[in-house]
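> 3D, please:
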Amino acid sequence: MIESLSHHLLERCSLRTGPSCEDPKFVLHWIRAALRFEENPTFDVARLIANQMGLPLLVYHGIDERYPHASYRHHKFLLEGARDLEKEAADMGVDYLLHVSRKGHRQPVLKLLSEDAAVIVTDLVDLDPWSDWSDAIAKMRTLIEVDAHCVLPRQVFGRSVDRPFKFKNSTKRMVNARKGVNWPVCDVPITRMSELYDPPFAPVSAHRELERDGGVQLLSQCEIDPTVMPVTDVCGGTKFAKRKWENYVENGLKRYHRTRNDASNRDGVSGISPWLHYGMIAATKVVREAIDTGGKGADKFLDEMLIFREQAYHHCHELQSPRDWSSLPEWARISWRERIQPMVNKKERDLETGDTGDSLWDSAQMGLVRHGVMHNNVRMTWGKGVARWIQDPNSAMNITQCLNDRYALDGRDPNSIAGVMWCYGLFDRPFDPPSDYMGRIRRRSTEGHASRLDMKRYRDWVGAPTNGRIMDIGIVGSGVSGMFAGQILSRLGHKVTIYDKGWRPSGRLAYRQTEDGSMFSIGSINMDGSRNWMNRFQWDLGNSAKPFKNFLDELSKDQEVNYNTRIVGVKEDAQGVLLWGSSDSQEVQFNHSRVIVAVPIEQATRLLEEGVLSGESAPYWVAWGPGHEGSDSLPEGWSIRNVGNGTIELRLDPNSSEEHINRTKDEMASLIPTKAGFSPVGWSSHLWRYGRPISGPARVVHHGRIAFIGDAFGTPLGTIGAALDSAARAVADLHLMRGWNDEIDAVKSRQSNLMDW
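Residues are numbered from 1 along each chain as shown. Model prediction:
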């Protein structure tokens, strides 16, 4: 099957023979890591095989929710890449189908397509879970994996070499024979699919989704991390990749040897690693054009491409688990075990938010969180910095890798994996005498690195706010969703003001304190509806109220909250959004460019004209006071909980609460314990009039410059998970929608479904 391919393609192919299809309808090109058609050996092999077999070529591209650290950031970049693929396929007359896994669309599409495929041709990916997916598909149909990322195909060399100079010496002859060679044009005709062909899923048009609302509606249905914000200062896709590379060749490449180590100069490096990672530009093209440019800058750049980058790919090709601690050289693992423990132990949360107190490290992390990039020279220092603050070096390496993969647009790539592991000894030699916290590992102090940089200039670009400007956001409601949205926005560099009618943050995580200082929750008793990405925000929560208080304290840290301020109206005007209400019996007004409303659905509904929002919440009464043993004869719909330290809590379900909806707190503080067999002395009560929504939009609602969030605007409806998810998605939407742009957005109200944006 592949024997007739030209040598430049054949050497890139790994054939895995599987069951044959009795009545094949097409050859399938499965795009997963090389999002381009130009200079793409995977595409060339697929079209040649299809032509050889006399079958149509079908190009399938899937964006899954299951890749590591799936997020709005990576999904947006992938959608932008898919938009270019869609246009290029149409221009070439190629059948291209995009599937985006999401609610109602999680069928096993690739499995269904493989049933009608003669053969499947895909990009060679050595990392999990992609390699596992390859194994599964190879059992169903013949699979050809093609190296579309390296200049020297991994099938030709594919070995792990412990030092860069050894890799260079081992591969020099093979690389020289391939670098700088023009990629042969493949122009064999492509047979189209029959117009009667009905694919096993409804294809998505990335172009239409991005044009409509920036991908808001599509991504709202994806179970991905919304706290990793879409990046707005760069764009995915082949078009942007070419333009960025061409600009660097013209204006920066010749100076690369002088500018590459200065992280304060963002334009001193090409910055094309995200597009190389996603295969949106060919490494063969980049290398060839760097050779054509020539000079010391190009020579140094070629070292990065042909030695360090290629070494990482070949290393990951040979190793079964290249991320594992066992992949480090033995001398490094021994040295880490023998090192003196770090002086200061930092929390992983402080690392992620860039709150270590180390100026360079925190600045680097801020740039990663806000902009999805980190200068490679700083990444080497940043990665080693984590080992100073985490006692177990294996954990430190995993945390470093996790932060890089979660936020970096070039994360989850062999090159960045090797870059992080280099910080822990990979591809390096021992340095003696050992240091206290790094042992025999090469040292790179943040203080020394910072002294070589113009730190003000560096902080100016890494600390620039997302979306290209500081946004002035008002948030109504200091419950879980309002506080969470405020914290996310603040950490992204925006001005946030929160308004609440109460005197402290509470909402569903409200708590009370007994005379002896014990705490218990009178709202939610657990983090219900939690998603996997929320785990890192929960700070060791248990079922007691103390962790909930810690959670609220963490959310409200450094936030500007106007308590005792009741907002009764909101409307758009020429300046943005006007809020009005009262504070300390005085009428007040506030103006913001955007407003997020985080209050119960009934209160939110009253802020807008009739018909925009609808939903209903169920009430419940809760009472608490002294007691030690539960009653065996509670009224129907009542529940009892011993919260410890001699305090009993009684809760009434919605039906029981509705019967007493008009009673006062004092009345219920007597009635509830008495009916349960307790003395009412020392008891208190609280009515959650809007305790838990039983109906509502179950999604974030945008109404012009106003967004509505909370447990009625997420799923599962009425849970803390819904509140957190809606808050994060509202902020992510802000980074997706052009409609949020002050210069574009009209003052008039927009329909909440965004269909007319």
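> any idea of the pLDDT on Trp740?
Note on Trp740: pLDDT of 38.
> before we move on, what about Met527?
pLDDT, Met527: 83.
> Spatially, and excluding backbone neighbours, which residue is closest to it.
Ile720 (5.2 Å; C-beta to C-beta, 6 or more residues apart in numbering). C-beta coordinates here come from the backbone N, C-alpha and C atoms, glycine included.
> Number of residues surrounding that neighbour?
By other C-beta atoms under 10 Å, the residues close to Ile720 number 29.
> Now for it: which residues touch it?
Val480, Arg508, Leu509, Ser524, Met527, Asp528, Gly529, Ser530, Asp711 (C-beta atoms under 8 Å, 6 or more residues apart in numbering).
> Quick check: which ranges of the stretch 651-757 of the chain have low pLDDT?
738-757 (pLDDT under 70).
> Can you show me the helices along it?
654-659, 665-675, 720-736 (DSSP state H, counting those that start in this stretch).
> Summarise which helices and strands the shortest one is packed against.
Judged by 3 or more C-beta pairs under 8 Å, 6 or more residues apart in numbering; DSSP states H and E, the packing partners of helix 654-659 are strand 616-626, strand 684-695.
> Format the ones you listed as TSV; extra columns: distance to Val100 and mean neighbour count.
Listed next are those as TSV, based on distance: least, C-beta to C-beta, whole Å; neighbours: other C-beta atoms under 10 Å:
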stretch	distance to Val100	mean neighbour count
strand 616-626	32	21
strand 684-695	28	19
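> So which of the ones you listed is nearest Gly93?
strand 684-695 (48.8 Å; C-beta to C-beta).
> Just want the angle from that closest one to strand 616-626.
160 degrees (axes from the mean of the first three to the mean of the last three C-alpha atoms, to 10 degrees).
> so what strands line up beside strand 684-695?
Here strand 684-695 has these sheet partners by DSSP bridges: strand 616-626 (antiparallel).
> which parts of whichever helix or strand comes after the strand it pairs with are buried?
Downstream of strand 616-626, the first helix or strand assigned by DSSP states H and E is strand 638-644. Neighbour-count burial for strand 638-644, counted by 16 or more other C-beta atoms under 10 Å, picks out Trp638, Ile640, Arg641, Val643.
> same check, this time on stretch 277-284
His277, Tyr278, Gly279, Met280, Ile281, Ala282, Ala283, Thr284.
> Inside helices: which ones of those?
Here DSSP state H is the test, and these give His277, Ala283, Thr284 as lying in helices.
> out of those residues, who's nearest Ile291?
When these are compared against Ile291 (criterion: C-beta to C-beta), the nearest one is Thr284, at 10.8 Å.
> show me the contacts for the closest one.
Glu39, Val151, Arg178, Val181, Trp183.
> same question, Pro226
Ser71, Tyr72, Leu219, Trp533, Asp725, Ala728, Arg729, Val731, Ala732.
> 7 Å instead?
Tyr72, Asp725, Ala728, Arg729, Ala732 (C-beta atoms under 7 Å, 6 or more residues apart in numbering).
> Equivalent analysis for Arg504, please.
Tyr563.
> can you check the one 5 residues further on too?
Under the criterion of C-beta under 7 Å, 6+ apart, the contact partners of Leu509 comprise Val480, Ser521, Gly523, Ser524, Phe548, Phe551, Leu552.
> Of the residues you listed - the most surrounded one?
Val480 leads the contacts of Leu509 on contacts (other C-beta under 10 Å) with 31 neighbours.
> Could you tell me the per-residue confidence at that residue?
92.
> how deep is the closest residue to it other than its chain neighbours tucked in, by neighbour count?
Counting by C-beta to C-beta, 6+ apart, Ala723 is the residue found nearest to Val480 once chain neighbours are left out, at 4.5 Å. Neighbour count of Ala723, defined by other C-beta under 10 Å: 29.
> quick one: Ala723 and Arg66, what's the gap?
Taking C-beta to C-beta, to the nearest Å as the measure, Ala723 falls 25 Å from Arg66.
> quick one on the thing from earlier: for Gly268, state which of the contacts of Leu509 is nearest.
Using C-beta to C-beta, the contacts of Leu509 come closest to Gly268 at Phe551, 41.7 Å.
> mind checking which helix or strand the closest one is in?
Counting by DSSP H and E, Phe551 is part of helix 545-556.
> how big is the angle separating that helix from helix 720-736?
Using the same axes, to 10 degrees: helix 545-556 against helix 720-736 is 10 degrees.
> any idea which helix or strand comes after helix 545-556?
That would be, after helix 545-556 and using DSSP H and E, strand 560-562.
> quick one: buried residues of that next one?
Buried, per 16+ other C-beta under 10 Å, within strand 560-562: Val561, Asn562.
> What is it packed up against?
strand 495-499 (3 or more C-beta pairs under 7 Å, 6 or more residues apart in numbering; DSSP states H and E).
> Direction included, what does the strand it packs on pair against?
According to DSSP bridges, strand 495-499 forms sheet pairs with strand 472-476 (parallel), strand 560-562 (parallel).
> Out of the ones you listed, which gets nearest to Glu610?
strand 472-476 (19.3 Å).
> Dump the closest one to CSV, keeping only the CA atoms.
Provided in CSV are the C-alpha atoms of strand 472-476 (Å, rounded to 0.1, in the frame of the first residue of the first chain):
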residue,chain,number,x,y,z
ASP,A,472,-14.2,48.3,34.2
ILE,A,473,-16.6,45.6,35.4
GLY,A,474,-19.3,46.0,38.0
ILE,A,475,-20.7,42.8,39.6
VAL,A,476,-24.0,42.7,41.5
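> before we move on, back to that, PyMOL command to pick out the buried ones of the contacts of Pro226?
The buried residues among the contacts of Pro226 can be selected in PyMOL (16+ other C-beta under 10 Å) with this line:
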select buried, resi 72+725+728+729+732
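> Can you pick out the most distant pair from the contacts of Pro226?
Tyr72 and Asp725 (11.8 Å).
> List the residues that contact Gly62.
His99, Val109, Leu110.
> Filter the residues you listed down to just the ones in helices.
Val109, Leu110.
> helices or strands up against the lowest-mean-pLDDT helix or strand in the chain?
Lowest on mean pLDDT, DSSP states H and E among the helices and strands of the chain sits helix 545-556, with a mean of 72. With contacts taken as 3+ C-beta pairs under 7 Å, 6+ apart, helix 545-556 sits against helix 480-491, strand 511-513, strand 519-521.
> and that helix, how far out from the chain's middle?
24 Å (C-alpha atoms, centre = their mean, to the nearest Å).
> same thing with stretch 321-328?
Counting by C-alpha atoms, centre = their mean, stretch 321-328 comes out at 24 Å from the chain centroid.
> Equivalent analysis for stretch 247-259, please.
31 Å.
> Least confident of the buried residues of strand 638-644?
Lowest confidence among those: Val643, with 85.
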